[in-house]
Structure formats: C-alpha cells, structure tokens
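Asker: Here is the input, now give the coordinates:
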Amino acid sequence: MKFFAILAVFVGSLLAGCGGGGGGGGIVATGHIVFVSSETSHTSKRIYLMRADGVGQPTALTDGSANADAPALSPDGQKVVFTLAMSGNTQIWTMNKDGTGLAQLTNSSGDNASPCFSPDGVKIAFMSSRNGRDQIFTMNADGSVATPLTDLNSDNDCPVFSSDGLSIVFASQRDGNSHIYIMNVDGSNPIRLTNSSSGDTHPTTNPAFGQGNVIAFERDTAVGKDIYVVNSKTLIETRLTNNGHENGQPAFSSDGNWIAYSSNESGNPEAVFVMREDGSNHHLVGNGLPWSYNPNCGL
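Answerer: I've put the predicted structure just below:
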C-alpha cells in the first residue's frame, strides 16, 4: 500500500476563540503539533514540534541522519512513537517529547510503519510487512509481544484505535480498492465502512466523548484528494474539503473539535492546515517549511 506523507499530532487541544461555533472566530492554541518535514519531496525527513497556532519557529526533534516519519503521541503527551529508516528497513522507535530518550521497539525483517498508541498507552498498533504483505499488528508499548491481527493476501495499513480502545480502524485493499474498515482489537469481526470506487485511507477517530464513532479519512477524488468523515454506526458520509487541491492525512485534536491535515492549497507542495470538525474555518498553521506532512491520531 502506498505510504502517504504529512504527520501532525495534536499535543493538548485547540479551543474555539471568541466567535466560537463551526465557522466563527479564530483559535487559541493550548498545545503543539508534531509533524514531519523535509527540504525536498520526502527526503531527509525530520520530526518537528511547533505551536498549534503556528506562532514561532518549529523545533526539530530528530536530526535527519535517518528518515523519521509517522509520529504519534502517547495519551499522557510525554512520548512520541515514530519510525526511522535505518540500514534498509523501517523500524518503530519512541522518544520523549523533547527528542531525548530514543528507544527502538521493533527489529524485524520488512518495514514497520504507521504506529499509534492505544487510549490507555499500554499497546501500540502498527503496520508490518515482516511476513510479506502489509498487515496490522499490535505490540506492548515497550515493543514486546508483537501479535498479527490480519493475515491476508492484500495490504492493510494505517491502524488507529477507537476512543474506547475496543476496536481498531484501518485501511485495507482486501476488496480491491483501499477502503476503511473497523475490527475488534483482537482482529475479529472486520466490517467495511466505506464503499467508494476510488480509494480511502488514513483514518483517524474522534476521541471526544460521544463522538468515538466518527472517523475522518482521506479519499481520492476526480480532482485530487479530499477529507471525509463517516459514522461507523450509520455509515453516513460527509465531505469536509472540496477545493480542488490535495487535502489528506487528517488527525483529530484531542478534544475532537479540530482536524489537522495536509494540503497544497497554500502553494507549498504540502503544508499543515487545521479546520473545525465540520470542515469550516480552515487555515494554514505550518508555513515555515516547504514540505510539511504526515498526520496520525494523538489523544
């Protein structure tokens, strides 16, 4: 499966400013965004930290000596799980939020990617090609006891836990095109949630109380890529972006009110934007680096 690129993780939450509501007012940033940036198209990739309102300069957490990608924040906000491409294969690592305390979690054949913490911080879901095709695994947060959840002759990627930790949402090509599925946390009872004729990937679940069944995702369209949401209970879809640009890789803020995503709307090849959960009040927050990309869910 193609591995796409922005990664922005909300640390803390974005709160509505004095206008409130779906389309009014600005934002007050109470946290930060962790994201990936590179000087050219997806080379020398580094993980950065910036304020969620975009004020100030981003701080590099990795040095670029190996391509770093796919950061995801632990539930307590103190750890970042991410990938490093070293000596051929991509492996999963953790570090403290300030870039210290590097620890390698996987050391397998094939590539390991798309890591995401469970809501209680005990488990990490991830994709691995160690057995040939891209499949969904879980492991303990220290890297022990890696367990396969899918074992198919098709690619499965981009896992993310539901807000209650009982399910995993992911993208799968088992029915041809890439679609969004949900399964129990042990891999049982997979259910297809989307049915487009193009391709759906990069799901992210809304962590807000009462909204755990709302899933945002990226869809290929006739003019590029756009962000949709689907209700996992009713399967009703809503399109959030429709501007003729490449909009993808959504990531909910921890309060569920905002979505960070990648877009080329600003003229940069890829940049970090945020919008309200209903698609309103979208605006650029990452404007200092030419390629800024690759979001994952941060609770």
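
Asker: Now do the contacts for residue 190.
Answerer: Contact analysis of residue 190 by Cβ atoms under 8 Å, 6 or more residues apart in numbering lists 150, 172, 181-183. For the C-beta atoms, the positions are set from N, CA and C on the backbone; glycine is no exception.

Asker: Show the pLDDT at it.
Answerer: Per-residue confidence (pLDDT) for residue 190: 96.

Asker: For the contacts of residue 190, pick the one with the most neighbours.
Answerer: With neighbours taken as other Cβ atoms under 10 Å, the top of the contacts of residue 190 is residue 172, carrying 26 neighbours.

Asker: can you put the contacts of residue 190 in JSON lines and add pLDDT?
Answerer: Listed next are the contacts of residue 190 as JSON lines, based on pLDDT from 0 to 100:
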{"residue": "150", "pLDDT": "97"}
{"residue": "172", "pLDDT": "97"}
{"residue": "181", "pLDDT": "97"}
{"residue": "182", "pLDDT": "96"}
{"residue": "183", "pLDDT": "96"}
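
Asker: So which of the residues you listed sit within strands?
Answerer: Among the contacts of residue 190, the members falling in strands are 172, 181-183 (criterion: DSSP state E).

Asker: just the strands in the stretch 1-150 of the chain please.
Answerer: With DSSP state E, counting those that start in this stretch as the definition, the stretch 1-150 of the chain shows strands at residue ranges 9-11, 14-16, 27-29, 32-38, 46-51, 59-60, 67-73, 79-86, 89-96, 103-104, 112-117, 123-128, 135-140, 147-148.

Asker: if we can go back for a sec, from the ones in strands among the contacts of residue 190, which two are the most distant?
Answerer: Greatest spacing in those, by Cβ to Cβ: 172 and 182 (10.5 Å).

Asker: Residue ranges in the chain under the pLDDT threshold?
Answerer: 1-31, 39-43, 209-212, 286-290, 293-299 (pLDDT under 70).

Asker: all helices for it, in order.
Answerer: With DSSP state H as the criterion, the chain has no helices.

Asker: ok, residue 113 - contacts?
Answerer: 3, 69-70, 83, 90, 92, 126-128, 157.

Asker: who's the residue nearest to it when sequence neighbours are not counted bridged to?
Answerer: Nearest residue to residue 113 in three dimensions, chain neighbours excluded: residue 127, at 4.9 Å (Cβ to Cβ, 6 or more residues apart in numbering). Beta-bridge partners recorded for residue 127 (DSSP bridges): residue 113, residue 136.

Asker: What's the ChimeraX line that selects buried ones from the contacts of residue 113?
Answerer: Applying 16 or more other Cβ atoms under 10 Å to these, the buried members can be selected in ChimeraX as follows:
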select :3,69,70,83,90,92,126,127,128,157
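
Asker: So for stretch 215-229, what gets flagged as buried?
Answerer: Buried positions in stretch 215-229, judged by neighbour count with 16+ other Cβ under 10 Å: 215-221, 224-229.

Asker: With that, I have no additional questions.
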